[in-house]
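Sequence first, then the predicted structure:
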Amino acid sequence: MQTVWVRFFNDVITRSMDSVESLEEFYKRKFELLPENLEKGIGHFNLFHIAPFREGKVTSVPYRRRDFYKVMLLRGNSYVYFADKVYEIKKQALAFSNPLIPYKWEQLDKMYDGVYCIFNGQFFHQFSQFGDYEIFQPGGNHIFELTDEQADEIREIFGIMEREFNSGYKYKFDVVRNRVMDLIHYGLKLEPSTSLYNHSIDAAYRISRLFIELLERQFPIDDSHLSVDLRAPSEFAEQLNVHVNSLNRAVKTTIRKTTSEVIAERILRESKVLLKHTTWSISEIAFALGFKEVTHFNNFFKKHMELSPLKFRNAG
């Protein structure tokens with residue numbers, strides 16, 4: 001009998017999901033419009049206040065990877081979900097997110113107030129070491145619990161940042177960058193949050209779901225999407241910022257198959273579609289599916305189908 005997990009992933013695996021939210025999508029989701037200064041290749045910065053909690057309205061940011069950075073001060077009870085970790089913010093915290101790590105933020109209790117800024121990599125293009133700070137690294141700390149005194153200090157930094165951002169000063173963005181750096185260094189000096197909520201089943205579920213999303217996002221193979229980029233479990237683990245052993249355990253727990261088996265089944269299914277419904281040669285299909293040699297693809301297909309790709313194509 002299929003478990004809930006297996007039924008879920010059998011449903012998910014049939015569709016492709018895009019788990020990256022761009023700045024454009026962020027503005028459309030939040031405000032249904034784009035700011036005038038949002039241009040490709042140009043540094044972007046903006047600052048927002050978190051709307052207070054309203055009864056009957058659940059606040060949640062979907063589980064996605066973003067292509068921009070965010071620094072946030074929030075006050076109120078909430079959870080922040082990463083692939084293999086969940087942090088419970090009990091009162092107030094300083095949080096950092098970046099394009100490398102998918103996350104979800106979910107409000108639990110009344111959110112009293114908060115403020116956050118967003119910016120892309122181009123905004124700090126002159127800071128070559130910017131992405132090297134631990135708080136922007138997969139293995140670094142991203143959530144920092146704050147005392148009331150620390151929260152007041154952080155709020156003051158955001159206040160200076162907001163006043164400069166809204167001013168007409170010619171070099172205001174230089175000041176804004178310095179205040180963002182103040183927040184980064186403030187976080188680096190703090191102890192990481194100890195409110196780590198460990199739940200192995202939830203972690204396995206999140207890791208597996210993100211793995212399936214990455215896998216499915218590579219298909220279908222067609223003229224607009226010519227090849228598979230990720231094949232090995234280690235490559236998926238690197239994208240998800242988890243150890244490959246954690247990925248393998250999560251997939252085995254939820255889908256009851258190994259990571260390699262899930263990848264192989266999806267590759268096989270796509271290969272059958274390409275063989276039956278395209279005029280591509282066997283070698284073109286092999287390379288599109290990530291096989292370095294045609295013989296490797298032939299051996300793979302024979303192992304699973306007990307006949308060669310050519311015989312499968314020519315069969316009635």
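Received, thanks.

List phi and psi for residue 81.
With angles defined as degrees, to the nearest 10, residue 81 sits at phi -100, psi 130.

May I ask you to confirm that it is in contact with residue 89?
No. With contact defined as C-beta atoms under 8 Å, residue 81 does not reach residue 89; the gap is 11.7 Å. No exception for glycine: its C-beta is placed from N, CA and C like everyone else's.

which of those two has more neighbours?
residue 89 (25 against 20; other C-beta atoms under 10 Å).

what's the pLDDT at that one?
For residue 89, the pLDDT comes out at 86.

Show me what it is bridged to.
residue 78 (DSSP bridges).

mind checking how far it is from residue 105?
Computed as C-beta to C-beta, to the nearest Å, the residue 89 to residue 105 distance reads 9 Å.

Give me the common contacts of those two.
Common contacts of residue 89 and residue 105 (C-beta atoms under 8 Å, 6 or more residues apart in numbering): 78, 79, 80.

Any figure for the gap between the first one and residue 89?
Right, the one you point to is residue 78. Counting by C-beta to C-beta, the gap from residue 78 to residue 89 is 5 Å.

Same question for the second one.
Relative to residue 89, residue 79 is positioned 7 Å away (C-beta to C-beta).

From the opening residue of stretch 274-291 to its closing one, how far?
This stretch, stretch 274-291, spans 14 Å end to end (C-alpha to C-alpha, to the nearest Å).

Could you list the buried residues of that stretch?
274, 275, 282, 285, 286, 287, 288, 289, 290, 291 (16 or more other C-beta atoms under 10 Å).

ditto for stretch 296-311
Across stretch 296-311, burial judged by 16+ other C-beta under 10 Å covers 297, 298, 300, 301, 309.

so for that stretch, what's the average pLDDT?
95.

how about the CA coordinates for it, as CSV?
Extracted in CSV, the C-alpha atoms of stretch 296-311 (Å, rounded to 0.1, in the frame of the first residue of the first chain):
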residue,chain,number,x,y,z
HIS,A,296,26.6,4.5,-21.8
PHE,A,297,23.1,5.5,-22.8
ASN,A,298,22.6,2.2,-24.7
ASN,A,299,23.7,0.2,-21.7
PHE,A,300,21.5,2.2,-19.4
PHE,A,301,18.4,1.8,-21.6
LYS,A,302,19.1,-2.0,-22.1
LYS,A,303,19.4,-2.5,-18.3
HIS,A,304,16.0,-1.0,-17.6
MET,A,305,14.0,-2.0,-20.8
GLU,A,306,15.8,-5.2,-21.8
LEU,A,307,16.1,-3.9,-25.4
SER,A,308,18.2,-1.3,-27.2
PRO,A,309,17.0,2.3,-27.7
LEU,A,310,16.9,1.6,-31.5
LYS,A,311,14.8,-1.5,-31.1
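
Work out the gap between that stretch and the centre of the chain.
With C-alpha atoms, centre = their mean, to the nearest Å as the basis, stretch 296-311 stands 35 Å off its chain's centre.

which other residues reach it?
264, 267-268, 271-272, 275, 282, 285-286, 289, 291, 312, 315.

The same query, at a cut-off of 6 Å, please.
With contact meaning C-beta atoms under 6 Å, 6 or more residues apart in numbering, stretch 296-311 is reached by 268, 275, 282, 286, 291.

Which residues are in contact with the second one?
Contacts of residue 275 were listed using C-beta under 6 Å, 6+ apart, and they are 309, 312, 313.

is it true that the second one lies in a strand?
No. Residue 312 sits outside any strand when classified using DSSP: H, G, I helix; E, B strand; the rest coil, being helix.

Would you map the helices across the protein?
If DSSP state H is used as the criterion, the helices of the chain fall at 4-12, 23-31, 148-165, 172-189, 200-216, 233-240, 244-255, 259-277, 282-288, 294-305, 309-314.

buried sites along the longest one?
When you say that, I think you mean helix 259-277. Buried residues in helix 259-277 (16+ other C-beta under 10 Å): 259, 262, 263, 264, 266, 267, 270, 271, 272, 274, 275.

The first one: what's it in contact with?
Counting by C-beta under 6 Å, 6+ apart, residue 259 touches 233, 247, 248, 251.

Please look at the first one and residue 245 and confirm they touch.
Same thing as residue 233. No. Residue 233 lies out of contact with residue 245 (C-beta atoms under 6 Å); the separation is 9.5 Å.
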